[in-house]
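In: what's the 3D shape of this:
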Amino acid sequence: MRIIVLPRTVLVNAGVWFAMLLLAAAPQVAAVEPGTAYEEPPLRELERLEQRLDELERLHRLLEVVPEISREIRPKLVPQRRSPLYPSLFETHDIVAYYGNPRSDRMGILGEHPLPKTAQLIKRRAAEYAELTRDLGREVLPGFHLIYATVFPDAELGRLSEALLTEWIEYALERDLLVILDHQIGRYSVEEAIEDMLPYLRYPNVHFALDPEWATEVPGQEIGGVHAEEVNEAQRMMQEYLIEHDLPGRRVLVVHQFHYRMIEDAHLVRSDFERVDVVHNMDGFGPPRLKQSTWNYLLQFDNIPLKGFKLFYPKSWRAGGYDDPLMTPAEVLELEPRPVFIQYQ
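Out: Numbers count the residues shown, from 1 in each chain. Down below sits the predicted model:
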C-alpha cells in the first residue's frame, strides 16, 4: 500500500477543483512520486477560486440536463438483499455520516473540529434522525465518512496516513461509530482504488465509497466516471476479501453520483452480492428544487434500491457550493423512497 502523508495546508476542498472546472483555471502541479511527500500546490490561488463561484447557475444547468433511461433496456436484476448468515445493516438501520478529511477544514465537517467533538456532533445529528424514524421501528447508526484518497489537478492522489486512519477507526470502533473510506480514484482504476483500501476491512466497522467525479486524467476540467461493471467488480473484490480472510459481516459500498457521466450504464449495476450492500448516493449541492431533480434522476435506477442523500452545510468562507437552504432531517425523510444513507459535508 502506498501511503502519502499530507500536511494540513495541501488538502483543499473538493469545491476548489470544481471551481476550476467552472472557471477553467486549473494550475499545473507536478506528479507525486511513490514514497515522497506531495509538493504544496498554489494554495492561495485555489482558495481565491473558492470565493469566485459566480457561475453556479451554469453548474445547476449541467446537473439538470440528464437523459431518460428507458425501462425496456434494463435487465431484470432482482436484488437478493436478505441473507440469514449476513443480514444487511439496512434491514433495521439507517446511516447518518459526517464527511471530510481530518487534516483539512476546507473539505468537510470532519476537519473542522477535534475528533471527540466531531464524534459528539455526529451522534447528536444521528439522534435527530433516530427520533423521526423511531415509529418505523428503525435505528440510526452514526459514522465518519473519511476521504481516504484525495485527487490533485494532475490526477495523482494523496492518501491519509495509516496512523491517522487507525486512530479514527479505532476511536470509532470503541464508540459504536461506522467509518466509510472514500476514494477519489484519479488516474487509477477502480480495481486499484479498492485494492488500496481492502486491508482496512479487518476492522468490522469499516466500509468503502467511490467518488467517480474524480475518476479522470484531468480532474477539474471534466466530470469523471466509472462503468457499472467496475462497480460490480469493486463489490466482488470486497466480498472475496471478506471470505478469504474470514472477516465478519456484510459491508457497504457507497457510490456517489450527481451527473449521468459518473456511472456509465448504471442500469447494469448489480445489487445481489451476499456480502456487500451497494448504496447509490445522490451527491451535488444546491437548493431543494435542484436536489430533488437530481434525486429523481437516480430513482430511475431501481436496480440499485438502496439510495443515499448528501447535504452540504453553508460555510462563511465560501461564496457558494453549499445547500441554500439546507434541508431539515424531516424534509430529507419525506423523500420518496426514503434514503437509508444520509451524509453531511
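
In: in the top helix by length along the chain, what counts as buried?
Out: In the chain, assigned by DSSP state H, the helix with the most residues is helix 115-133. Along helix 115-133, these residues count as buried under the neighbour rule (16 or more other Cβ atoms under 10 Å): 118-119, 121-123, 125-126, 129-130, 132-133. C-beta coordinates here come from the backbone N, C-alpha and C atoms, glycine included.

In: any idea which of these is closest to residue 334?
Out: residue 132 (9.8 Å; Cβ to Cβ).

In: now do the strands in the chain.
Out: Assigned by DSSP state E, the strands in the chain fall at 93-100, 139-151, 157-159, 178-183, 206-210, 226-227, 251-257, 263-264, 276-282, 307-311, 341-344.

In: pLDDT on the fifth one, on average?
Out: Meaning strand 206-210. Strand 206-210 comes out with an average pLDDT of 98.

In: where does pLDDT dip in this protein?
Out: 1-83 (pLDDT under 70).

In: what about the helices in it?
Out: Under DSSP H, the chain gives helices at 14-23, 43-50, 56-64, 115-133, 162-174, 190-197, 228-244, 288-298, 329-333.

In: for those helices, give me a markdown table that also has distance to residue 258.
Out: Output for the helices of the chain, formatted as a markdown table (distance: least, Cβ to Cβ, whole Å):
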| stretch | distance to residue 258 |
| --- | --- |
| helix 14-23 | 10 |
| helix 43-50 | 19 |
| helix 56-64 | 6 |
| helix 115-133 | 22 |
| helix 162-174 | 26 |
| helix 190-197 | 18 |
| helix 228-244 | 16 |
| helix 288-298 | 5 |
| helix 329-333 | 16 |
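
In: any idea which of these gets closest to residue 108?
Out: helix 14-23 (8.4 Å).

In: right, so the helices of the chain: which one is the most enclosed?
Out: helix 14-23 (a mean of 22; mean count of other Cβ atoms under 10 Å).

In: so how far is stretch 251-266 from its chain's centroid?
Out: Mean-position distance between stretch 251-266 and its chain equals 10 Å (Cα atoms, centre = their mean, to the nearest Å).

In: any buried residues in that stretch, and which?
Out: Here stretch 251-266 shows 251-263, 266 as buried, counting by 16+ other Cβ under 10 Å.

In: first-to-last residue distance for it?
Out: 20 Å (Cα to Cα, to the nearest Å).

In: please begin residue numbering at 6 from this point
Out: Sure thing, new numbering starts at 6, so read that last one as stretch 256-271.

In: please tabulate the strands of the chain in CSV, including the columns distance to residue 245.
Out: Converted to CSV, the strands of the chain look like this (distance: least, Cβ to Cβ, whole Å):
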stretch, distance to residue 245
strand 98-105, 24
strand 144-156, 20
strand 162-164, 23
strand 183-188, 18
strand 211-215, 14
strand 231-232, 19
strand 256-262, 12
strand 268-269, 22
strand 281-287, 10
strand 312-316, 24
strand 346-349, 24
